[in-house]
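Participant: heads up, no residue letters with this:
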């Protein structure tokens, strides 16, 4: 019996529907201006004064804004909450003029006192913010942070009026306007902070969806641990008319291979990295989505210099000399990374290390130093652990393990952890050695070198050298470029002698970026303001 016409039409429609390809997340997201971006593992927190990784900072850049912002291309400072700023002739006073139109995501005005509250918070000894040292160029900030005074009025930050903020510096700091663009300088909303705890209480419930109040182009909508963080366009943002994205879904995929498969399946517009095994295939493709760019970054082995035998500089130098960095860069990575001869990558402002010693491969000298340290042919050397957690770590860790075994006869164990677990262990000095990547927080040599001063919140090696600290202090108080660079070179030479960390290679940044993404510009710090990104075919 033939089907009746309406029933026949329904069956045909169902068949066509079953055969039709489902729209991917990227396709539907592009249509609705919803960006899908991978950022690796869950962040340690969404509090900008506690965020400790560049991947977590991607979320912070969506939810908050500092006095200045980064220009997407060359990263020079551009107006943010401050519409303009003045610098005194001696370089010691910066006056920022805030936008009267700046608002928090609940509609409250953003004012100078909010920045003062935020500075007091991160500098409070009980808060123990990792990036508190970035405020130390401000007069009195270091003394307050270390409890030498409890009087915050001694810190050089003042509200001239509701929309004028003044910083008095202890030394000229030529990069200060860029420094305040860093997420640790973002203001926090005082009533919200105090609603959920004390001013100096970290890790409270204020960063949860429904509680979070920020001043950035987006507001927090959702955070599902191990899955995604969702932010939506903030209508109160002062420049909301220029923001074209309606929503960002930050996908929490810690495994590089899984993330790459999600990209191929049309579920991600942007990845946080690319597996080494897939680089060649993407390079061979016409109109490849692979983006490779130089980075102001160095991949290192952080050493716990308080733990024997790593407390012996001879051992640290032996470990370094047994590493063939050209093999790591050319054969293992194959991503354009360059073997490191010192800690700092070439600086766009002109600094380049020209001192001694330089990092190189010399296995005979490595064996001699190890024997001088009391471990001839590796005899008696304890079994150390090398922590691995990041995207590069397995391949690099295995290569180092083989080099140290072959050249020094050392038995080094690889210990894999979740990134957050390894970070916590390293910060607490519960480790022997750990792979890490340091990306400069601003484009100046100080961004790398002040990590190793005794008071730095990122001095995970436990390195202490008063002579080094004096060199960094001398560089900080010097305005003339050549003299600053000379101090930096002396300091870096001291680091290469002491080796609290072993530099391996100067990294590149790799992303897979869908062709529908516009405004995602490569730059040395891998910073991509979301006010400049939009989607379209």
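Facilitator: Cool, the structure landed. Please read these numbers as outputs of a predicted model, since none were measured by experiment. Residues are numbered from 1 along each chain as shown.
Participant: from here on, contacts and neighbour counts on C-alpha atoms
Facilitator: Fine.
Participant: Could you list the low-pLDDT ranges of this protein?
Facilitator: Per-residue confidence of the chain (counting by pLDDT under 70) places the weak regions at 1-21, 348, 390-392.
Participant: Could you rerun that using 50?
Facilitator: Residues of the chain that meet the criterion pLDDT under 50 lie in 1-19.
Participant: what's around residue 81, how many residues?
Facilitator: By the measure other C-alpha atoms under 10 Å, the count of residues near residue 81 is 30.
Participant: who touches it in this structure?
Facilitator: Residue 81 makes contact with 65, 66, 67, 68, 98, 99, 102, according to C-alpha atoms under 8 Å, 6 or more residues apart in numbering.
Participant: number of nearby residues for the third one?
Facilitator: Using other C-alpha under 10 Å, residue 67 has 28 neighbouring residues.
Participant: helix, strand or coil for residue 75?
Facilitator: When states are read from DSSP: H, G, I helix; E, B strand; the rest coil, the local structure at residue 75 comes out as coil.
Participant: so who does it touch?
Facilitator: Applying C-alpha under 8 Å, 6+ apart, one finds that residue 75 lies in contact with 523, 525.
Participant: Over to it: give its phi and psi.
Facilitator: Dihedral pair for residue 75: phi 70, psi 20, per degrees, to the nearest 10.
Participant: how about JSON lines for the contacts of residue 81, with secondary structure and distance to residue 276 added?
Facilitator: As requested, the contacts of residue 81 are exported to JSON lines (DSSP: H, G, I helix; E, B strand; the rest coil; distance: C-alpha to C-alpha, whole Å):
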{"residue": "65", "secondary structure": "coil", "distance to residue 276": "34"}
{"residue": "66", "secondary structure": "coil", "distance to residue 276": "35"}
{"residue": "67", "secondary structure": "coil", "distance to residue 276": "38"}
{"residue": "68", "secondary structure": "strand", "distance to residue 276": "36"}
{"residue": "98", "secondary structure": "strand", "distance to residue 276": "45"}
{"residue": "99", "secondary structure": "coil", "distance to residue 276": "45"}
{"residue": "102", "secondary structure": "coil", "distance to residue 276": "43"}
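Participant: Closest one of those to residue 30?
Facilitator: Minimum separation from residue 30 among the contacts of residue 81 (C-alpha to C-alpha) is found for residue 65, which lies at 25.1 Å.
Participant: which non-adjacent residue is nearest the closest one?
Facilitator: Excluding the flanking residues, the one nearest residue 65 by C-alpha to C-alpha, 6 or more residues apart in numbering is residue 216, at 5.0 Å.
Participant: Count the residues that sit near the one you found.
Facilitator: By the criterion of other C-alpha under 10 Å, residue 216 has 29 neighbours.
Participant: Point me to the helix or strand that includes it.
Facilitator: Counting by DSSP states H and E, there is no helix or strand that carries residue 216.
Participant: Pull the contacting residues for it.
Facilitator: Residues in contact with residue 216, defined by C-alpha under 8 Å, 6+ apart, are 61, 62, 63, 64, 65, 104, 105, 234, 237.
Participant: still on that earlier bit, which one of the contacts of residue 81 sits closest to residue 159?
Facilitator: For residue 159, the closest of these turns out to be residue 98, at 10.8 Å, with distances computed as C-alpha to C-alpha.
Participant: List phi and psi for the closest residue in space to that closest one that isn't next to it in sequence.
Facilitator: The shortest distance from residue 98 to any residue that is not its chain neighbour, by C-alpha to C-alpha, 6+ apart, is 4.1 Å, and that residue is residue 82. Dihedral pair for residue 82: phi -80, psi 130, per degrees, to the nearest 10.
Participant: Chain neighbours aside, what residue packs nearest to residue 228?
Facilitator: residue 251 (4.5 Å).
Participant: can you pull up the bridge partners for the one you found?
Facilitator: For residue 251, the beta-bridge partners under DSSP bridges are residue 38, residue 228.
Participant: coming back round to it: closest to residue 447 among the contacts of residue 216?
Facilitator: Distances from residue 447 to the contacts of residue 216, taken by C-alpha to C-alpha, are shortest for residue 61, at 19.2 Å.
Participant: and the closest one, what is it in contact with?
Facilitator: Residues near residue 61 by C-alpha under 8 Å, 6+ apart: 183, 216, 529, 530.
Participant: Secondary structure of it: a helix, I assume?
Facilitator: Yes. Remark: residue 61 belongs to a helix, assigned using three-state DSSP.
Participant: Could you report the distance from it to residue 368?
Facilitator: To residue 368, residue 61 is 49 Å away according to C-alpha to C-alpha, to the nearest Å.
Participant: Let me see the contact set for residue 203.
Facilitator: 45, 47.
Participant: Check for me that it belongs to a strand.
Facilitator: No. Residue assignment for residue 203, taken from three-state DSSP, gives coil, which places it outside any strand.
Participant: quick one on the thing from earlier: the residue nearest to residue 228 touches residue 224, doesn't it?
Facilitator: No. Because the distance of 9.7 Å does not satisfy C-alpha atoms under 8 Å, residue 251 is recorded as not touching residue 224.
Participant: which stretch of helix or strand covers residue 367?
Facilitator: Using DSSP H and E, the element containing residue 367 is helix 363-372.
Participant: Now do the buried residues in that helix.
Facilitator: Applying a neighbour-count criterion of 16 or more other C-alpha atoms under 10 Å, the buried positions in helix 363-372 are 363, 366, 367, 368, 369, 370, 371.
Participant: can you name the two of the residues you listed that are farthest apart?
Facilitator: Comparing all pairs in those by C-alpha to C-alpha, the longest separation belongs to 363 and 371, at 12.3 Å.
Participant: Give me the domain ranges for this structure.
Facilitator: The record, using automatic domain parsing to delimit domains, assigns the chain the ranges 54-241+513-535, 295-510.
Participant: Using a markdown table, please lay out the ones you listed together with distance to residue 38.
Facilitator: Putting the domains of the chain into a markdown table (distance: least, C-alpha to C-alpha, whole Å) gives the following:
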| stretch | distance to residue 38 |
| --- | --- |
| domain 54-241+513-535 | 9 |
| domain 295-510 | 12 |
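Participant: So which of those domains is nearest residue 280?
Facilitator: Comparing those by their distance to residue 280 (C-alpha to C-alpha), the top pick is domain 295-510, with 8.5 Å.
Participant: Surely residue 453 is in contact with residue 461?
Facilitator: No. At 10.6 Å, residue 453 and residue 461 do not qualify as touching, with contact defined as C-alpha under 8 Å.
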